[in-house]
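Sequence first, predicted coordinates after that:
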Amino acid sequence: MKYLSWVTTLLKAPESRRKQWVSEILEGFKEYRKKNPKGKTEQYLSDTLEAEKEYELVGFVPKIEYIKVEGRQNELDCIWEHAHMSPQLLYKHKKLPLFIITGPGLRFNDSVLKEVGLRSDGVRGITG
């Protein structure tokens with residue numbers, strides 16, 4: 001599979017620019033925060049990841065591949081491969097055998113474009 005152009009740009013970017021991209025991705029999460037009534041506190045994924053107490057940043061994820069466990073036969077007979085339209089982040093848990101792929105635009109069987117009315121139904125698999 002060919003990678004999207006942002007991957008080449010990122011590969012050529014210095015460490016300082018890569019870190020800036022990480023900050024911008026984490027800031028993107030804040031666009032989805034709801035206004036809370038006074039006194040009520042919520043914990044957000046972006047805050048947890050930024051704190052780096054439980055999770056450590058590994059890097060960027062340009063695409064994802066997986067094989068479904070269940071579903072229609074035509075969905076079970078293939079390897080699902082999705083290039084990400086924007087960089088997603090890969091974190092590992094510091095104690096548990098757990099990895100998280102995340103980004104503010106990451107969806108399953110949906111897309112941000114659909115949410116803002118620019119795309120119709122029919123998206124299958126992971127988008128982002």
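Cool, got the structure. Residues are numbered from 1 along each chain as shown.

in the lengthiest helix in the chain, what counts as buried?
If you go by DSSP state H, the chain has its longest helix at helix 15-29. By neighbour count on 16 or more other C-beta atoms under 10 Å, the buried set for helix 15-29 is 21-22, 25-26, 29. C-beta here means a position set from N, CA and C on the backbone, and glycine is covered the same way.

and of these, the nearest to P104?
F29 (4.9 Å; C-beta to C-beta).

correct me, but that closest one touches P104?
Yes: F29 is in contact with P104 according to C-beta atoms under 8 Å; the separation is 4.9 Å.

Which stretches in the protein count as strands?
55-66, 80-93, 99-102, 107-108, 126-127 (DSSP state E).

ranking these by burial, who's on top?
A comparison of the strands of the chain by mean neighbour count, using mean count of other C-beta atoms under 10 Å, puts strand 126-127 on top with a mean of 20.

Contacts only, for the closest residue to K30 other than its chain neighbours.
Excluding the flanking residues, the one nearest K30 by C-beta to C-beta, 6 or more residues apart in numbering is S46, at 6.5 Å. By C-beta atoms under 8 Å, 6 or more residues apart in numbering, S46 lies in contact with 26-27, 29-30.

Thanks a lot, see you next time.
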